[in-house]
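[1] following is a predicted model, sequence given first.
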Amino acid sequence: MSPFDRRHEVVATTRLQSILTPFAGMPSDLYLAEGSRAEVTASGAFRLPPRGRLETDSYFNAFYLNFWRKHGAVARVGLSCRVQGVVALRVLAHLADGGVKILDDWMVAGDGDESLHWVWTDIEEAGAPEILRLSLSVATVTGALVEEMAFVTDPVAGQVPRLVVGICTMDREALLEDTLAALEALAEGMPLLRVVLINHGRPFHRPGLRQRLANPLFRVVQQANLGGSGGFARAMLEAQDGEREPTHLLLMDDDIRLDPRMIPRALAFAQVAGEVAVGGQALELERPRRLQEAWGRLGRNWLPMVEGAGVDLSDPAAMRLWARVPEADYNGWWFSLMPMSVVQRCGLPIPCFIRGDDIEYGLRLREAEVPVVPLPGVGVWHASVRYKHAGIVHYYDLRNSLITAAAHPRLGDLPGVMHVLGYVLHHLLVHRYRSAAACLMALRDFLNGPDVALSADAARLHRELKQAVEGIAPPPRCEAPADGMVLPEPFSVQAPDPHPLQVVFLVLLVLFRPARRKITLLQKGPPDPLRIRGLPYLLALDPQGKTCLVLQPQRWRFVMCLVKALWLVAQYALWRGVARRSWLQALPRLLSRDRWLREFATRPL
């Protein structure tokens, strides 16, 4: 048999995952592994110089066979390629025991025609370690042009996916314009029916953006600020309003940078896997190699556990993060693809304004036996949440976690009394008095039940809440750190829970330690009470720590808020069961289409 693969016949296949060239402006080592020597042509091909090579064991280009096998029932995988020149192709299998083996290797002498080579078949070898992922090694002696490479499988029965994209936006026009440009180009080659923009902010004013929105592909809905849950609920309804019904809905944020090739990749998985929700990872927009969240799960007391936060995706060791296929509880709606059949079955998001609509909906999907699959190699760059410290956000964090717990009694009891007290104490011990007060408002509103807590439209409630939080204490002043202050690497997103004795010790430090004016501590990311130890400190507002909040202990505010916290937590201990029943009974009404339509009728401000 000739070592050259000259098979150019056209064979019907379903494309699973293409090998991607680096996205403009983003690190190439997220696409190509160490040892690669190639350049990208204007047409999007790889040009390999003499003795050039491609190595694809990277975040965006490794093929995670374990995910496709578990959810997609893929029976065999081939490599389709179009090459001009002579290349040696090798498929590497990365195993569960950490080893690597050559799965197949061959040579292609091509002139641009398609060549197909089957490289893996689902036949288990007794005692063989599981294959986690596949990667390619492509080498040439004389130079070559690799026009296209993709992992494929046998034809998949069923209809071709038809997509609607829903984006909730508020005054982030620069990033949004880039995303729309990418979607407009993508629509030329795939069945993207429409892009629905739910605008909670000012009418669009950037000339380029306004000109682009003249394309009938885009539908703009201007409504009052109903938060992310109101924006995405509107997108779900608008997706169903058109001449052609979509098969899938993709929800995305406006503060992302999108490589549009993620969309056909996610759709390919959805086509093979059937009724699943496909989630993308969030990478840091400010530090594009850094992972913010790979997938989400809920820990004790319904606390969100952010998986993969801080991982450097250019490090080969990062690939082990997906050594097992996780059972995710939810995936953030910065990139979440769902079948419309699932949306129609599971209904609209809970009206929680912000922070938690995607978590609660993920649990709803789980109860409907729809897997949430955080497919590796599908990611967007998202503005980091590590530097957002507004007190009002913590109101929604606590209130919505309590509502979510009430809505899903089969998954667990409400958060414990000591956990709720600790939630407030955490903010007090790091001198975030607005945040602590906002948490107390959240606890009060949960206990009052939906008829009181949600008695007005979401836009009005948010305005009133914002005014109340801003009236509690003056905002911390901003300043730059002193020369020579070192910004340390952050702790993990989930700071360790202090022991009760440690909490008592920290409270005593805040109450009785002599006042200290000089600030020597600079904190990046969520502040940790065990590290702050009652001292004043700077809290970074950006990754470089160029601008910071000055947070200082104020004993009288601490004591006042602590007394209120003890009183409200005692009320929670007595009445949380009653509150839970009231929220659970109101849930069908809160989720109803009619209620959301009344919210949408609120006039934009």
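    The structure has been received and is ready for your questions. The model shown is predicted, which means the values in this text are computed figures rather than measured ones.

[2] setting the sequence-adjacent residues aside, check what's closest to residue 22.
    Nearest non-adjacent residue to residue 22, counting by Cβ to Cβ, 6 or more residues apart in numbering: residue 28, 4.0 Å away. C-betas here are computed from N, CA, C, even on glycine.

[3] wait, isn't that neighbour in contact with residue 37?
    No: contact between residue 28 and residue 37 fails when scored by Cβ atoms under 8 Å: they sit 11.6 Å apart.

[4] ok, back up a step: what's the burial count for the residue nearest to residue 22?
    14 (other Cβ atoms under 10 Å).

[5] now residue 472
    By the criterion of other Cβ under 10 Å, residue 472 has 17 neighbours.

[6] assign it to helix, strand or coil.
    Here residue 472 is recorded as coil under DSSP: H, G, I helix; E, B strand; the rest coil.

[7] so what's it up against?
    Residues counted as contacts of residue 472 (Cβ atoms under 8 Å, 6 or more residues apart in numbering) are 391, 433, 434, 437.

[8] ok, now which ones touch the last one?
    This means residue 437. Residues near residue 437 by Cβ under 8 Å, 6+ apart: 391, 469, 472, 473, 561.

[9] any chance of the residues you listed in a markdown table, plus pLDDT and distance to residue 183?
    Below are these laid out as a markdown table (pLDDT from 0 to 100; distance: Cβ to Cβ, whole Å):
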| residue | pLDDT | distance to residue 183 |
| --- | --- | --- |
| 391 | 79 | 35 |
| 469 | 88 | 36 |
| 472 | 84 | 42 |
| 473 | 81 | 43 |
| 561 | 95 | 46 |
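
[10] identify the farthest-apart pair in those.
    With Cβ to Cβ as the measure, no two of these lie farther apart than 469 and 561, at 12.8 Å.

[11] how close does residue 321 get to residue 382?
    Distance, residue 321 to residue 382, by Cβ to Cβ, to the nearest Å: 17 Å.

[12] helices along the stretch 201-350 of the chain, start to end?
    207-212, 227-239, 262-273, 340-346 (DSSP state H, counting those that start in this stretch).

[13] nearest to residue 147, of those helices?
    Going by Cβ to Cβ, the one of these nearest residue 147 is helix 262-273, 17.2 Å.

[14] output the contacting helices and strands for that closest one.
    strand 14-18, helix 65-72, strand 163-169, strand 248-253, strand 277-284, strand 335-339, strand 372-382 (3 or more Cβ pairs under 8 Å, 6 or more residues apart in numbering; DSSP states H and E).

[15] could I get those as CSV with mean pLDDT?
    Below are the helices and strands packed on helix 262-273 laid out as CSV (pLDDT from 0 to 100):
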stretch, mean pLDDT
strand 14-18, 95
helix 65-72, 93
strand 163-169, 97
strand 248-253, 97
strand 277-284, 97
strand 335-339, 97
strand 372-382, 97
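
[16] closest to residue 556 out of the ones you listed?
    strand 277-284 (38.2 Å).

[17] for the strand ranked longest in the chain, buried residues please.
    For the chain, the longest strand by residue count, based on DSSP state E, is strand 100-121. Across strand 100-121, burial judged by 16 or more other Cβ atoms under 10 Å covers 103, 106, 107, 108, 109, 110, 114, 115, 116, 119, 120.

[18] just stretch 337-357 next, same as before
    337-340, 342-343, 346-357.

[19] over to stretch 458-473?
    Buried residues in stretch 458-473 (16+ other Cβ under 10 Å): 458, 459, 461, 462, 465, 469, 472, 473.

[20] got those residues as CSV, with distance to residue 217 columns?
    Conversion of the buried residues of stretch 458-473 to CSV gives the following (distance: Cβ to Cβ, whole Å):
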residue, distance to residue 217
458, 29
459, 28
461, 34
462, 31
465, 36
469, 39
472, 45
473, 47
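
[21] now those in TSV, with distance to residue 69 and secondary structure?
    Below are the buried residues of stretch 458-473 laid out as TSV (distance: Cβ to Cβ, whole Å; DSSP: H, G, I helix; E, B strand; the rest coil):
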residue	distance to residue 69	secondary structure
458	43	helix
459	46	helix
461	47	helix
462	45	helix
465	47	helix
469	49	helix
472	53	coil
473	54	coil
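
[22] if we can go back for a sec, out of the helices of the stretch 201-350 of the chain, which gets nearest to residue 24?
    Checking the helices of the stretch 201-350 of the chain against residue 24 by Cβ to Cβ gives helix 262-273 as the closest, at 14.5 Å.

[23] quick check: mean pLDDT across that closest one?
    Here helix 262-273 scores 96 as its mean pLDDT.

[24] same thing with stretch 512-531?
    84.

[25] then that stretch to PDB, C-alphas only?
    These are the backbone C-alpha positions of stretch 512-531, laid out as PDB (Å, rounded to 0.1, in the frame of the first residue of the first chain):
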ATOM      1  CA  PHE A 512     -10.800  46.600  69.400                       C
ATOM      2  CA  ARG A 513      -7.700  46.900  67.200                       C
ATOM      3  CA  PRO A 514      -6.300  50.500  67.400                       C
ATOM      4  CA  ALA A 515      -7.100  52.600  64.400                       C
ATOM      5  CA  ARG A 516      -4.500  52.400  61.600                       C
ATOM      6  CA  ARG A 517      -4.300  54.900  58.900                       C
ATOM      7  CA  LYS A 518      -1.400  53.600  56.800                       C
ATOM      8  CA  ILE A 519      -2.500  51.200  54.100                       C
ATOM      9  CA  THR A 520       0.000  48.500  53.100                       C
ATOM     10  CA  LEU A 521      -2.300  45.800  51.800                       C
ATOM     11  CA  LEU A 522      -3.600  45.600  48.200                       C
ATOM     12  CA  GLN A 523      -6.200  43.000  47.400                       C
ATOM     13  CA  LYS A 524      -7.000  41.700  43.900                       C
ATOM     14  CA  GLY A 525     -10.300  39.900  43.300                       C
ATOM     15  CA  PRO A 526     -12.800  39.100  46.000                       C
ATOM     16  CA  PRO A 527     -11.400  40.200  49.400                       C
ATOM     17  CA  ASP A 528     -10.700  37.400  52.000                       C
ATOM     18  CA  PRO A 529     -11.400  38.300  55.600                       C
ATOM     19  CA  LEU A 530      -8.600  35.900  56.800                       C
ATOM     20  CA  ARG A 531      -6.100  37.900  54.800                       C
END
